[in-house]
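Asks: Generate a structure from the sequence data that follows.
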Amino acid sequence: MKKKNLLRQMAFVVLMLIGTTTQAQDGEKLPVKRDQFNINQKSGTQLPSQPMVVVQPPASPAANKGVSTLVSGSDILVNNNAGAGSAKGFTQSETSVIAFGNNVVIGFNDAGSYGGVNNKFSGWSYSSDGGSTFTDGGSLPASTIGDAGDPVLARNNTTGRVYLSTLGFNYPPANIQMFRSDDNGISWMAPVNATPGGDDEDKQWVAVDNFAGAGNGNVYLLSRRFGADPGIYFFRSTDNGATFGPTGGKLIVKRSQGAYIAVGPDHSIYAFWYAGATLQMRRSTDGGLTFSAPITVASGLVGGDNGDLGLTGIRQGTAVASAFRSSEFPHVAVNPVSGHLYCTYNNKPAGVDKADIFYVLSTNNGATWSAPVKVNDDATTTDQWQPTVAVSPDGLHIGFFYYSRQEDVAANNLFKYYGRIGLISGATITLDPGFAVSNVASFPEFGRDGYINPTYMGDYNTVSATANDFHVVWGDNRDDLAGGSPRKDPNVYYKKIPFVVIDNVPPVITCPANITSANGAGLCSKLLTIVPATAT
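Replies: Here you go, the predicted model:
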């Protein structure tokens, strides 16, 4: 998640030593910065056992612009790869999405924006035709601090203003950058500092209060500080994102990681984080001026640093499994009608299975939480990881989406993006059987883009719910890398999943002519054949 120059690296080593000392005091696993950037390539400085990298001139930002069309049945390529290198700068991953009307806006990490010399690592694409086609927007507006990826999107549904937060590239101070758009994500204003008084900020999350009444339109942000006084801090804007405060932020918790923020229909603000063996939450009922004492959301988490699950993968052209990083950070959805909270995460279950998806539910503003419910319904011991969740505007439909290797039982290596969606009735969620969102399986691909951290394969995806659909976006490794074999080409894909998949009425659907048994009939058959739902 964070890119650092050598000066920042030395400061980080000191911080790591401090963190190791404090770990024994509070029992939490060490919070670690989620760097996706390869420091040595950024600095151009040779370190022991690391080759010097010759940096090529970057492609013009305009070269990244273009319109993608429907590919692989109904999986839609979001980014444009024009100008990507065959050895470095070819990775797009770690996605955020918002959908409204006929518009879909997607943010992602973009190694191609960096090009070896720029202070950029972010990309975005937009659709004005309901997600049928996307235009890659190229690079975000230039700024002194730059943009270092980790995109998180949010929208003011009253004014239509769209917010895109990213990490700051240059240190000091490496604050969180907030870009704003008033034309549905087609263009962006120059960024503002969303963490004034911050110091080496990382792993932010953003939410907008979209409910009628006092607080409507406020923008709320959590950020993990790795500089002085490390911890998770809260900031807010009450002037449509023009300024944020308070200066220095409001401390939510010392150290920890995995910040996530959400807003309820009563204007409650919920701050979530990963705390080692547990997930924790604090609630504010006064617009963020004060927060409740921490509440345990889920317990029994058993991962390593940041909840790492010890996942591995065999990349195309290799024979030995290598580790890629994972986490147990929470993703949260608030029911916009009832105010119920749904928190999803991955964890290691009992036995040989390394990773499954779970959710917990609160019906009383986070005061208490249900026991964990397993989301993935496969009967295998394969890996499922990196979940996200969304609830429809009417409060009746919920969708969980995640990576799964359940179709590769023998090797537990190839993966697809999966979903499981259901109906909400009070405190009961009735889930339909899980299904593959992506039509094509992916090899793991990490450690072979010269600009990317060697264990990075994306840290999160998100999903957006509109009146009739889930808008799903994910990092995908199906494509071959032109001129770079055996590497695969990490790209961003999108699919619209209609609620009719789970509604208990027969839908009237005609499969598109290009949906065949080879490239998409699985999803189409799910739309045409309603299977009995199961209550959980």
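Asks: low-scoring stretches of the stretch 1-150 of the chain, by residue?
Replies: Filtered on pLDDT under 70, the stretch 1-150 of the chain yields the residue ranges 1-73, 83.
Asks: Got phi/psi on residue 112?
Replies: Phi and psi for residue 112, reported as degrees, to the nearest 10, are phi -70, psi -30.
Asks: From residue 370, how far out is it?
Replies: Noted for residue 112: a distance of 43 Å to residue 370, by C-beta to C-beta, to the nearest Å. (C-beta placed from N, C-alpha, C; glycine too.)
Asks: these two touch, right, residue 146 and residue 169?
Replies: Yes - applying C-beta atoms under 8 Å as the test, residue 146 and residue 169 come out as touching, 3.2 Å apart.
Asks: if we can go back for a sec, compare residue 112 and residue 370 (neighbour count), which wins?
Replies: Using other C-beta atoms under 10 Å, the more surrounded residue of residue 112 and residue 370 is residue 112, with 32 against 14.
Asks: What's the separation between that one and residue 168?
Replies: From residue 112 across to residue 168, the span is 19 Å (C-beta to C-beta).
Asks: for residue 241, same thing?
Replies: Applying C-beta to C-beta, the value for residue 241 to residue 168 is 16 Å.
Asks: Same question for residue 491.
Replies: Counting by C-beta to C-beta, the gap from residue 491 to residue 168 is 25 Å.
Asks: between the two, who's got more neighbours?
Replies: A side-by-side neighbour count of residue 491 and residue 168, using other C-beta under 10 Å, places residue 168 first with 28 against 25.
Asks: Mind listing residues that contact the host helix or strand of residue 260?
Replies: Here residue 260, judged by DSSP states H and E, is contained in strand 257-263. Identification of contacts with strand 257-263 by C-beta atoms under 8 Å, 6 or more residues apart in numbering yields 31-32, 34, 203-211, 220-224, 232, 234, 252, 269-274, 306-307, 327-334, 341.
Asks: again, 6 Å this time
Replies: Strand 257-263 has contacts (C-beta atoms under 6 Å, 6 or more residues apart in numbering) with 31, 203, 205, 207, 209, 220, 222, 224, 232, 269-274, 306, 329-330, 332, 334.
Asks: Check stretch 391-408 too.
Replies: For stretch 391-408, the external contacting residues (C-beta under 6 Å, 6+ apart) are 333, 335-338, 344, 357, 375, 378, 380, 382-390, 412, 414-415, 418-422, 424, 463, 465, 467, 470, 472, 499.
Asks: ok, of those residues, which come out buried?
Replies: For the contacts of stretch 391-408, a neighbour count by 16 or more other C-beta atoms under 10 Å gives the buried set as 333, 335-336, 338, 344, 357, 375, 378, 382-390, 412, 414-415, 418-422, 424, 463, 465, 470, 472, 499.
Asks: how about the strands in the stretch 1-150 of the chain?
Replies: Applying DSSP state E, counting those that start in this stretch to the stretch 1-150 of the chain gives strands spanning 66-68, 70-71, 75-77, 92-100, 103-110, 122-127, 134-136.
Asks: Dump those strands into a markdown table; add mean neighbour count and distance to residue 175 as well.
Replies: Listed next are those as a markdown table, based on neighbours: other C-beta atoms under 10 Å; distance: least, C-beta to C-beta, whole Å:
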| stretch | mean neighbour count | distance to residue 175 |
| --- | --- | --- |
| strand 66-68 | 16 | 31 |
| strand 70-71 | 15 | 38 |
| strand 75-77 | 23 | 33 |
| strand 92-100 | 26 | 19 |
| strand 103-110 | 28 | 18 |
| strand 122-127 | 27 | 15 |
| strand 134-136 | 23 | 26 |
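Asks: Among these, which comes closest to residue 447?
Replies: Each of the strands of the stretch 1-150 of the chain has some distance to residue 447 by C-beta to C-beta; the shortest is strand 92-100, at 13.2 Å.
Asks: Just the C-alpha atoms of the closest one, please, in CSV.
Replies: The C-alpha coordinates for strand 92-100 follow below in CSV (Å, rounded to 0.1, in the frame of the first residue of the first chain):
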residue,chain,number,x,y,z
GLN,A,92,-3.3,-2.9,-12.6
SER,A,93,-5.0,-4.2,-9.4
GLU,A,94,-6.6,-3.3,-6.1
THR,A,95,-9.9,-1.8,-7.1
SER,A,96,-12.6,0.5,-5.8
VAL,A,97,-16.0,1.1,-7.5
ILE,A,98,-19.1,3.3,-7.3
ALA,A,99,-22.1,3.1,-9.5
PHE,A,100,-25.0,5.5,-9.9
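Asks: Which strands or helices does that strand pack on?
Replies: Secondary-structure packing of strand 92-100 (3 or more C-beta pairs under 6 Å, 6 or more residues apart in numbering; DSSP states H and E): strand 103-110, strand 152-155, strand 463-465, strand 469-480, strand 488-498.
Asks: what's the burial count for the closest residue to residue 278 other than its chain neighbours?
Replies: Ranked by C-beta to C-beta, 6 or more residues apart in numbering and with sequence neighbours excluded, the top spatial neighbour of residue 278 is residue 299, at 4.8 Å. Here the count is done by other C-beta under 10 Å, and residue 299 has 13 residues near it.
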